[in-house]
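# Have a look; sequence and predicted model below, questions after that.
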Amino acid sequence: MPEITTKDYWNQRYSGGMNSGAGSYGRLAEFKAEVLNGFIDSHGIREVAELGCGDGNQLGLLTAEQYVGYDISRKSVEICAQKYTDDPSKSFKVYNPSKPLGNSEAKAELSLSLDVVYHLLEDETYGAYMRDLFALSGRFVAIYSCNTENLGATADHLRPHRFTDWVEENLQEWTLCGYLPNRYPFRTESADQTSFADFYFFSKNERVDPKYSCFFIPPDEDAAGLPDDEAANLLRIARQCLNVRDYEKSAVCLRQAAANRGVRLNAVNSLGAVLGALGRRTEAEDAMKAVLARDPSNRQARLNLAKLYLKLERWKDLNPFCGELRELRSHDSNVALKWPHIAAKVENMG
């Protein structure tokens, strides 16, 4: 059990005159607003709920017609209510993890969790928060957080969680449908201007704009329990098909093999490369993002995605992959030749 509770930490922080932290200000706040406002606009969303509204600074950049914010800190709710007292489209409520939300609250079209999940210290608070976050929405859930239980040495008020596993195990009706890596990935030398959090979007099988998508579901739902030996055989056939450049058949085998959870990441990663070779770039991007959503450090998926964005000259999307770009430069003469042009276009190359 932590020495300080989640609730006490944030009440003390706000009562002491501190704000929500660097992630809610400056370029990180602008990045989050760009992503969320784009998502809201692309999907015709009017009603937004946020579980963990903080001091309300991030909210000032959000374009939502109707908004309700919840926070475990009563002081936070007081700050937000005072800040937006003249805006009837916004309301704020104190959140109590021991009293489930959902049936007692109107459902929004999108519920938000921004820089919150890795601050939940107690098991019971984490479980209740995740339950309520999804109960608040009828269409989409957006989580901006790291998705790992290991960030190395962290402060006492941080406890990272691998929340995608929690959703898979507890909320089967919700699917990870979108993933967007942080434009400013964490760097120790500029910790206040970078972050280890990425965007994860969930839906009840509703597809999202390709800009955000990582929608991957095995095509045969009945094959969800695909035996290990069948999955291994499908991977073997997929490799044989690749050797004779039968990419279409290889893609089919890899999709089927991905129904086995044990080989899913490897199968989807390979599928991304095969779809790229077939010129099906949107599907290839989806597959690579699906891998990175569960394993952000996957080297091959990161390289594959960097190559795809480089080919498409999607400079902003390349920003999280600066390390992979440098690796490509040292191994790819074509990239090395174009390096001055690439370095001038990618924001965070320094």
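That came through fine.

# Every contact and neighbour count from this point should use C-alpha atoms.
Will do.

# Do a quick rundown of the strands in this protein.
Applying DSSP state E to the chain gives strands spanning 47-51, 66-71, 90-94, 108-114, 137-145, 175-180, 198-203.

# Which stretch among those strands approaches Cys214 most closely?
Nearest to Cys214 among the strands of the chain is strand 175-180 (4.5 Å), distances taken as C-alpha to C-alpha.

# what packs against the closest one?
Judged by 3 or more C-alpha pairs under 8 Å, 6 or more residues apart in numbering; DSSP states H and E, the packing partners of strand 175-180 are strand 198-203, helix 281-294.

# I'd like to know how far the nearest residue to Trp10 once chain neighbours are set aside sits from Asn57.
Residue nearest to Trp10 in three dimensions, not counting chain neighbours: Ser73, with 5.9 Å by C-alpha to C-alpha, 6 or more residues apart in numbering. Counting by C-alpha to C-alpha, to the nearest Å, the separation of Ser73 from Asn57 is 15 Å.

# Between these two, which is the more surrounded one?
A side-by-side neighbour count of Ser73 and Asn57, using other C-alpha atoms under 10 Å, places Ser73 first with 26 against 17.

# Would you agree that one is in contact with Lys7?
Yes. Taking contacts as C-alpha atoms under 8 Å, Ser73 lies within contact range of Lys7: 6.0 Å.

# May I see the buried residues of stretch 177-188?
Within stretch 177-188, the residues that count as buried by 16 or more other C-alpha atoms under 10 Å are 177-186.

# Reformat the strands of the chain as TSV; add distance to Leu305.
As requested, the strands of the chain are exported to TSV (distance: least, C-alpha to C-alpha, whole Å):
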stretch	distance to Leu305
strand 47-51	31
strand 66-71	35
strand 90-94	39
strand 108-114	25
strand 137-145	20
strand 175-180	12
strand 198-203	16
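
# Of the ones you listed, which is nearest Cys253?
strand 175-180 (21.8 Å).

# Can I get that closest one as CSV, trimmed to CA atoms?
The C-alpha trace of strand 175-180 is given here as CSV (Å, rounded to 0.1, in the frame of the first residue of the first chain):
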residue,chain,number,x,y,z
THR,A,175,-11.7,-2.8,-28.7
LEU,A,176,-8.5,-1.0,-29.0
CYS,A,177,-9.2,0.8,-32.3
GLY,A,178,-6.7,3.6,-32.4
TYR,A,179,-3.1,4.4,-31.4
LEU,A,180,-1.1,7.6,-31.9
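
# what separates it from the chain centre, distance-wise?
Distance of strand 175-180 from the chain centroid (C-alpha atoms, centre = their mean, to the nearest Å) equals 7 Å.

# Show residues contacting it.
Residues from elsewhere that reach strand 175-180 (C-alpha atoms under 8 Å, 6 or more residues apart in numbering): 164, 168, 198-208, 212-216, 289-290, 293.

# could you flag which of these are buried?
Neighbour-count burial (16+ other C-alpha under 10 Å) applied to the contacts of strand 175-180 gives 164, 198-204, 207-208, 212-216, 289-290, 293.

# Ala258 and Asn269 touch, don't they?
No. If you go by C-alpha under 8 Å, Ala258 and Asn269 don't touch, sitting 9.8 Å apart.

# Those two: which is more packed in?
When Ala258 and Asn269 are compared for neighbours, Ala258 comes out ahead with 27 against 24, by other C-alpha under 10 Å.

# which residues touch the more buried one?
Applying C-alpha under 8 Å, 6+ apart to Ala258 gives the contacts 218, 231, 264-265, 267-268.

# From Leu265, how far out is it?
In terms of C-alpha to C-alpha, Ala258 sits 7 Å off from Leu265.

# Then Ser73?
Distance check for Ser73 against Leu265: by C-alpha to C-alpha, it reads 39 Å.

# again, but for Arg255
Separation of Arg255 from Leu265 (C-alpha to C-alpha) stands at 11 Å.

# again, but for Ala231
According to C-alpha to C-alpha, Ala231 and Leu265 sit 12 Å apart.

# more crowded one of Arg255 and Leu265?
Neighbour count, other C-alpha under 10 Å: between Arg255 and Leu265, Arg255 has more, with 24 against 21.

# pretty sure the more buried one is touching Asn269, no?
No. Judged on C-alpha under 8 Å, Arg255 makes no contact with Asn269 at a distance of 10.4 Å.

# Spit out the residues that contact Ser73 and Lys7 alike.
Joint contacts of Ser73 and Lys7 (C-alpha under 8 Å, 6+ apart) do not exist.

# Run a quick neighbour tally on the closest residue to Lys93 other than its chain neighbours.
In space, and not counting its chain neighbours, Lys93 is closest to Tyr70: 4.8 Å by C-alpha to C-alpha, 6+ apart. Around Tyr70 there are 21 other residues, counting by other C-alpha under 10 Å.

# For Tyr70, give me its contacts.
49-53, 77, 92-95.

# farthest-separated two in those residues?
Farthest-apart pair in the contacts of Tyr70 is Ala49 and Val77; separation 13.8 Å (C-alpha to C-alpha).

# who's more crowded, the two?
Using other C-alpha under 10 Å, the more surrounded residue of Ala49 and Val77 is Ala49, with 27 against 24.

# What residues does the more buried one make contact with?
Ala49 neighbours (C-alpha under 8 Å, 6+ apart): 67-70, 108, 110-112, 136-137.

# Any stretches of the stretch 1-150 of the chain with poor pLDDT?
For the stretch 1-150 of the chain, the stretches with pLDDT under 70 are 1-2, 102-104.

# what do you get for the stretch 201-350 of the chain?
Scanning the stretch 201-350 of the chain for pLDDT under 70 picks out the ranges 216-225, 350.
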